[in-house]
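Student: structure of the sequence below:
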Amino acid sequence: MLQLPELQALGTLSADGRLLFGTRIVRLFAYGFLSVVLALYLAALGLSDQQVGLLLTLTLVGDAVVSLWIASVADRVGRKRMLLVGAGLMIFAGLAFALTRNLLILSAAAIIGTISPSGNEVGPFLAIEQATLPQTAPDRHRTQVFAWYALAGSLATALGSLCGGGLAQSLQNGGRSALDSYRANIIGYAVFGLLLALLFTRLSTAAEATRYRSAGGHPNGAALPKGHFGLHRSLAVVVRLSSLFLLDSVAGGLIIQSLIAYWFYVRFGVEPALLGGIFFGANIFAGFSALAAARVAARFGLINTMVFTHIPSNILLILVPLMPNLPLAIGVLLARFSISQMDVPTRQSYTMAVVDPDERSAAAGFTNVVRTAGHSLGPLITGVLLGASLLSVPFFLSGGLKIVYDLALYRNFRSLKPPEEVKQDE
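Tutor: Purely as a prediction, here's the structure:
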């Protein structure tokens, strides 16, 4: 019976691989559930636009620092153990945000805990899961597996956004204050963190780093190589990639989902339920664009797919604030999301393909932390711009910087191909 390559890839997943898809879904649902109201919640607490931007920046800075440490030791200390630590930090952040309005305490919780203002991955989870996934399926299906992984996350974020916005709106319609309705989302976020921790307890030893599953480390008894941030042979290529990912993430941080939601609220007066609907649709389109990326990459290559689908999406991003009314702004945003995520599974697959297997957690952790650090600058800048009533500038600045990143990535990495593309050329 003929099967599509994408479906064949899913069929090859091990039990750990399927479990990681489950943890991805729970986590991204929680991120979407929170992100659609997070900026509104902080504003309802009485924080200024600049304070909201600063606090969102601190969440990303804290996530970057904690993630770098966790990801750099995960292959040696234990991936399962570090994933549980991350889930604990997620619970802590949710509870702290729900229980106080003190800016100093919120700032401390933002730095130490794991919380997503963007609806996208934060914390150590992605790096460790990214490193583990190639061990759960054959290499020939690696890109398809990452595409399904991205799709699962996008669909979960979409549903979380819809449910988060719907919950806040229904509570307000029932007579609860805006602040109380948003706080319900924050508490729900902590509950999802607890569910995530329970799922991680089911991971088997097969999910650990291939070379270091036994207590003795390397099979021949050699000491575990540490290098810089857990990297050794692949350090140079990871640093080169990360320098470009930094530029892309700074640009992306200017228009994270929480701030786009806030922009729609300020510009058009959009209520939480409609905000949830907008981002439900946006993430649905994003998810299926990620799945399509695997097939496009199989024909045109990973780097080509990353670059030549990303440029049009960034042009559409620049056009969003130029739309004269809400329906057109929503339409252009959805069009942008329909191709915006095609670079995500291809980027993840490419990074895992060009580094050594025993450095995958460290490489994923390093690149993701660099991306998170870059992301952390964006909300601070956007908060200042919003405070100055420059509502459209973040869209223009973000789209322009992302196009510069695309061109630089193509110039620097078009000749460095993953193993499967090298074999095709031979």
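
Student: my guess is F245 meets V369, correct?
Tutor: No: with contact defined as CB atoms under 8 Å, F245 does not reach V369; the gap is 10.0 Å. From N, CA and C alone the C-beta is placed, and that goes for glycine too.

Student: what's in contact with stretch 147-158?
Tutor: 6, 9-10, 20-21, 24-29, 31-32, 119-121, 129, 133, 279-284, 286-288, 290-294, 341, 344-345, 348 (CB atoms under 8 Å, 6 or more residues apart in numbering).

Student: to clarify, my last question referred to stretch 384-399.
Tutor: The contact list for stretch 384-399 (CB under 8 Å, 6+ apart) reads 48-50, 53, 251-252, 254-255, 259, 262-263, 266-267, 314-315, 317-318, 320-322, 378, 381-382.

Student: thinking again about what came up before, just the ones in strands from the contacts of stretch 147-158, please.
Tutor: Among the contacts of stretch 147-158, no member falls in strands (DSSP state E).

Student: look at I381 and say how many residues are nearby.
Tutor: Per other CB atoms under 10 Å, the neighbour tally for I381 reads 18.

Student: my read: it touches I255, true?
Tutor: No: between I381 and I255 there is no contact under CB under 8 Å: 10.6 Å.

Student: can you pull the pLDDT of the residue positioned nearest the centre of the chain?
Tutor: The chain has E121 as the residue nearest its centroid, 2.7 Å off, counting by CA atoms, centre = their mean. pLDDT, E121: 74.

Student: list the contacts of it.
Tutor: 27-28, 31, 153, 368.

Student: out of the residues you listed, who's nearest V37?
Tutor: For the contacts of E121, the closest approach to V37 (CB to CB) belongs to Y31, at 12.0 Å.

Student: ok, so what distance separates the closest one from S258?
Tutor: Distance, Y31 to S258, using CB to CB, to the nearest Å: 10 Å.

Student: neighbour-wise, which of these two wins?
Tutor: Neighbour totals were compared for Y31 and S258, and Y31 leads with 31 against 26 (other CB under 10 Å).

Student: so the residue lying closest to that one once chain neighbours are set aside: helix, strand or coil?
Tutor: The shortest distance from Y31 to any non-neighbouring residue, by CB to CB, 6 or more residues apart in numbering, is to S116 (3.9 Å). Using DSSP: H, G, I helix; E, B strand; the rest coil, the structure places S116 in coil.

Student: does S116 touch F33 like I think?
Tutor: No: using CB under 8 Å, S116 is not in contact with F33, being 9.8 Å away.

Student: does I186 really touch T100, like I thought?
Tutor: No: the pair I186 / T100 is not scored as a contact, 10.9 Å apart, by CB under 8 Å.

Student: comparing these two, which residue is more hemmed in?
Tutor: I186 (21 against 14).

Student: ranges for the helices of the stretch 251-400 of the chain?
Tutor: Counting by DSSP state H, counting those that start in this stretch, the stretch 251-400 of the chain has helices at residues 257-268, 272-300, 302-319, 326-340, 343-353, 360-387, 393-413.

Student: dihedrals phi and psi, the nearest residue to V266 once chain neighbours are set aside?
Tutor: Spatially, and ignoring its direct neighbours in sequence, V266 is nearest to L391 (6.5 Å; CB to CB, 6+ apart). When read as degrees, to the nearest 10, the backbone of L391 gives phi -70, psi -30.

Student: same check, this time on P419
Tutor: Taking degrees, to the nearest 10, you get phi -50, psi -40 for the backbone angles of P419.

Student: what's the neighbour count on it?
Tutor: Neighbour count of P419, defined by other CB under 10 Å: 11.

Student: contacting residues for S349?
Tutor: Residues in contact with S349, defined by CB under 8 Å, 6+ apart, are 142-143, 146, 297, 302, 418.

Student: what of Q135?
Tutor: Applying CB under 8 Å, 6+ apart, we find Q135 in contact with 14, 16, 206-207, 210.

Student: need phi/psi at the residue nearest to the centre of the chain.
Tutor: Dihedral angles (degrees, to the nearest 10) for E121: phi -60, psi 140.

Student: residues touching the residue nearest to Y31, list them.
Tutor: Residues near S116 by CB under 8 Å, 6+ apart: 30-31, 34-35, 59, 122-123.

Student: out of these, who has the most neighbours?
Tutor: Highest neighbour count within those, by other CB under 10 Å: Y31, with 31 neighbours.

Student: now do the same for it: its pLDDT.
Tutor: At Y31, the model reports a pLDDT of 91.

Student: again, but for G165
Tutor: At G165, pLDDT is 86.

Student: which residue is the nearest non-sequential neighbour of it?
Tutor: Using CB to CB, 6+ apart, the closest residue to G165 is G276 (2.1 Å).

Student: tally of neighbours for that neighbour?
Tutor: By other CB under 10 Å, the residues close to G276 number 28.

Student: surely it touches S35?
Tutor: No: in this structure G276 lies outside contact range of S35 using CB under 8 Å: 10.3 Å.

Student: about what we covered before: nearest to S72, of the contacts of S116?
Tutor: Nearest to S72 among these, counting by CB to CB, is G123 at 14.0 Å.

Student: in the contacts of S349, find the pair that's most separated.
Tutor: Pairwise distances across those peak at 11.9 Å for F146 and P418 (criterion: CB to CB).

Student: compare the two and say which is more crowded by neighbours.
Tutor: Legend: neighbour count by other CB under 10 Å for F146 and P418, higher for F146 (28 against 21).

Student: show me what contacts the more buried one?
Tutor: Here F146 is in contact with 130, 133, 294, 345-346, 348-349, 352 (criterion: CB under 8 Å, 6+ apart).

Student: and it, how far from L167?
Tutor: Distance from F146 to L167, by CB to CB: 31 Å.

Student: can you check L274 too?
Tutor: Distance, L274 to L167, using CB to CB: 14 Å.

Student: quick one, phi/psi of the spatially closest residue to F200 that is not a sequence neighbour?
Tutor: Excluding its sequence neighbours, the residue lying closest to F200 (CB to CB, 6+ apart) is L83, at 4.5 Å. Main-chain torsions, L83, degrees, to the nearest 10: phi -70, psi -40.
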